[in-house]
Every structure is written in C-alpha cells, then in structure tokens.
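A.B. asks: Fold the stuff below for me.
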Amino acid sequence: DGKEVAPFTKEEFAILLRHVREFYEHDEWEGAILIGGHTGLRFGDVLGLTRKNVHDGRLVVKTGKTGKMIELPMTPPVVAWIGTKRGKFFPLLSAKGPGSLSTTFTRIMERAGVPRDIDLPGREKKGRRSFHSLRHSFASWLADNDVHADVRKRLTGHKADGIHQRYTHYDEALDRAMESLPSA
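C.D. replies: Got it, this is the predicted structure:
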C-alpha cells in the first residue's frame, strides 16, 4: 500500500500516555501503550498478560506469533502500572475485537495530535503508525541508546538479522555518530 511501519518518537509516546491518562476512565489503554513501548510485545501478547506472567521483576511471555518464551525486565513505570493488579491486566480491552482496538488506537493517536502517517526521511514511501509501531519504537530506542543488536534481538524475540533490521530505525544514533566525527 506504499506505506511502511514507522516508530513513534519518545515525545509522541509521552503524548499518547498523557492523552489516555486524561481522557479514559480506566487505565487499560495506558497500561497497554506503556507495556507495548517498554517491552516491544505485540498487541495480542500485551492483552494476554496476567499476574502469572510476572516473575522476579520480569515479564515472562510465550509469544502468540512464534510460541517463543521471552523474558523482559520490567521498567519502573511498568512495575508501577502493574502494582498490585491480580488476574488479567486487560479484561476490558481483551473483550473487544482486533478491528475495534485498532480503530480505537488510531483515534487515540488522532485525538492526541500524533499523526498516523508521516514522511520518512529520504524515502518516497510514507510511514504508517499503529500499535505495532510501539514494537518498532522499542527496538529503535534501544538502538539509539547503543544497546547491542544481540541484546535487542533477544528482547524482541527476533532470530533473523534482516527482520530485526526492519524494526530498528536509527534516528538518534545516526545523529550522534555524525557528531562524533572530529572537527575540521
């Protein structure tokens, strides 16, 4: 369709979280977006999370797509959101159909002022964002912070380098690389 998945910036991620905190009665969208951005889990895997997935400060998840078990250290914001929750973390969201959730996430972006389609530097294609973009954002933010590709692949569950490269957008890392060159 002439579009490729694009990540969110850290600022856009913060805007999405602020928006859902302010305009949604329950905290499930906040938790889903937070966990999506801080773990890179696919939406279906996020929605399936329960207290049983929490072990010693980690989320232990058997992914729905590959069936692979991955362990993800939890960030302080994720630990705080989970708090003392018991049972299913997302009972309201998981009761909805995937199409409805996708539409709602698109509306969240729109109402928060985060564009769905963006121009990608140096490319003719536009970038399209959806909940899955949080997975791209996660891999990209780690890359921008110089986290080694092997560690990023382990955290995302990617086996193939080519697949992982499609998820990693090096925006900040490229800028820092150029800034590290000696001056003339």
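
A.B. asks: The closest residue to residue 10 other than its chain neighbours and residue 133, how far apart?
C.D. replies: Nearest non-adjacent residue to residue 10, counting by C-beta to C-beta, 6 or more residues apart in numbering: residue 141, 6.8 Å away. Placement of C-beta: from N, CA and C, glycine included. Applying C-beta to C-beta, to the nearest Å, the value for residue 141 to residue 133 is 12 Å.

A.B. asks: any common contacting residues for these two?
C.D. replies: residue 7 (C-beta atoms under 8 Å, 6 or more residues apart in numbering).

A.B. asks: For this protein, name the helix or strand with the lowest mean pLDDT.
C.D. replies: Here the helix or strand of the chain ranked lowest by mean pLDDT, DSSP states H and E is helix 161-167, holding a mean of 64.

A.B. asks: List every C-alpha atom in the helix or strand containing the residue nearest to residue 10, with coordinates, as PDB.
C.D. replies: Under the criterion DSSP states H and E, the helix or strand holding residue 141 is helix 133-144. Output of helix 133-144 as PDB, limited to C-alpha atoms (Å, rounded to 0.1, in the frame of the first residue of the first chain):
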ATOM      1  CA  SER A 133       4.800   0.800  15.900                       C
ATOM      2  CA  LEU A 134       5.500   0.600  19.600                       C
ATOM      3  CA  ARG A 135       7.400  -2.600  18.800                       C
ATOM      4  CA  HIS A 136       9.400  -0.700  16.200                       C
ATOM      5  CA  SER A 137       9.900   2.200  18.700                       C
ATOM      6  CA  PHE A 138      11.100  -0.200  21.400                       C
ATOM      7  CA  ALA A 139      13.800  -1.700  19.100                       C
ATOM      8  CA  SER A 140      14.700   1.800  17.800                       C
ATOM      9  CA  TRP A 141      15.000   3.400  21.200                       C
ATOM     10  CA  LEU A 142      17.300   0.600  22.300                       C
ATOM     11  CA  ALA A 143      19.400   1.000  19.200                       C
ATOM     12  CA  ASP A 144      19.600   4.800  19.700                       C
END
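
A.B. asks: Give me the mean pLDDT for that helix.
C.D. replies: Mean pLDDT, computed over helix 133-144, is 91.

A.B. asks: what about that helix, distance to the chain center?
C.D. replies: Its chain's C-alpha centre and that of helix 133-144 lie 7 Å apart, by C-alpha atoms, centre = their mean, to the nearest Å.

A.B. asks: Which parts of the chain are helices?
C.D. replies: Remark: helices assigned in the chain by DSSP state H are 10-23, 28-39, 43-47, 76-82, 91-94, 98-112, 133-144, 149-156, 161-167, 171-179.

A.B. asks: Next one, pLDDT for residue 25 please.
C.D. replies: pLDDT, residue 25: 88.

A.B. asks: Can you report how many residues neighbour it?
C.D. replies: 7 (other C-beta atoms under 10 Å).
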